[in-house]
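K.L.:
Quick one, what's the 3D model for this:
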Amino acid sequence: MLVKLSKRDLHDSKLMGADTVKLCEMQGFPPRLENEKQSRTDANILGFKAEFAVARVLGLDSPVVNVLTDGGVDLWFGDVSIDVKVTNRIDGPLVFDNMKKFQSDVAVLVGATDDEDVLKINGCMSRKEFEWKAHRKDFGYGEREVVDIPDLHPIEWLWRKLMEKRYAP
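P.N.:
Okay, the predicted model is just below:
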């Protein structure tokens with residue numbers, strides 16, 4: 001599903017991404033990044049854009065800036081925790097360093113597009129299902145847990161599960 005961000009969400013993403021890096025630098029934390037093709041600020045901006053896209057599609061509160069950690073949770077739907085993962089590739093896989101890093105109830109994968117204000121929600125998966133379906137892959141900086149897009153559920157699956165949780169008798 002392609003999602004076009006509003007000008008406000010795009011603007012807020014840029015400010016929040018830059019602010020996050022600046023706050024970390026002011027605290028003496030060096031920015032970490034394993035991608036030499038993108039700055040830490042650019043990576044954070046893309047992450048916030050992905051979070052805004054998912055929040056808008058699911059009707060959730062806007063994302064917030066977390067300085068030290070988000071605890072593996074980017075968004076909430078009641079008591080359901082959601083980790084929004086983003087890839088620079090429109091069709092990249094869902095990746096976690098290891099299962100301990102998957103701390104939310106569900107993950108949503110978002111891919112970047114050539115348009116700065118358009119993202120692609122590629123799918124989603126529960127933590128339990130990710131653990132069953134993940135395979136190990138080395139992208140050049142150590143093995144990671146990976147699930148490819150065809151094995152993900154469409155975002156409509158998550159929306160339905162959340163609505164059933166909210167409205168089912």
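K.L.:
Please count neighbours and contacts with C-alpha atoms only from this point.
P.N.:
OK.
K.L.:
and residue 36, what element?
P.N.:
Assigned by DSSP states H and E, residue 36 belongs to no helix or strand.
K.L.:
How about residue 120?
P.N.:
strand 118-126.
K.L.:
who touches that strand?
P.N.:
Defining contact as Cα atoms under 8 Å, 6 or more residues apart in numbering, one finds that strand 118-126 is touched by 1-5, 49-50, 53-54, 90-91, 105-113, 149, 152-155, 158.
K.L.:
Swap in 6 Å and give it another go.
P.N.:
1-4, 105-113, 152-155 (Cα atoms under 6 Å, 6 or more residues apart in numbering).
K.L.:
Show the subsequent helix or strand relative to it.
P.N.:
Strand 118-126 is succeeded, C-terminally, by helix 127-133 (DSSP H and E).
K.L.:
in that next one, what's buried?
P.N.:
Residues 127, 130-131 are the ones in helix 127-133 that count as buried (16 or more other Cα atoms under 10 Å).
K.L.:
returning to what we had before: go through the contacts of strand 118-126 and flag which are in helices.
P.N.:
Judged by DSSP state H, the contacts of strand 118-126 include residue 155 as members of helices.
K.L.:
Identify those among the contacts of strand 118-126 that sit within strands.
P.N.:
2-4, 106-112 (DSSP state E).
K.L.:
tell me the average confidence for the strand holding residue 120?
P.N.:
Confidence over strand 118-126, taken as the mean pLDDT, stands at 98.
K.L.:
Could you check the angle that strand makes with strand 106-112?
P.N.:
Angle of strand 118-126 versus strand 106-112, following axes from the mean of the first three to the mean of the last three Cα atoms, to 10 degrees, is 160 degrees.
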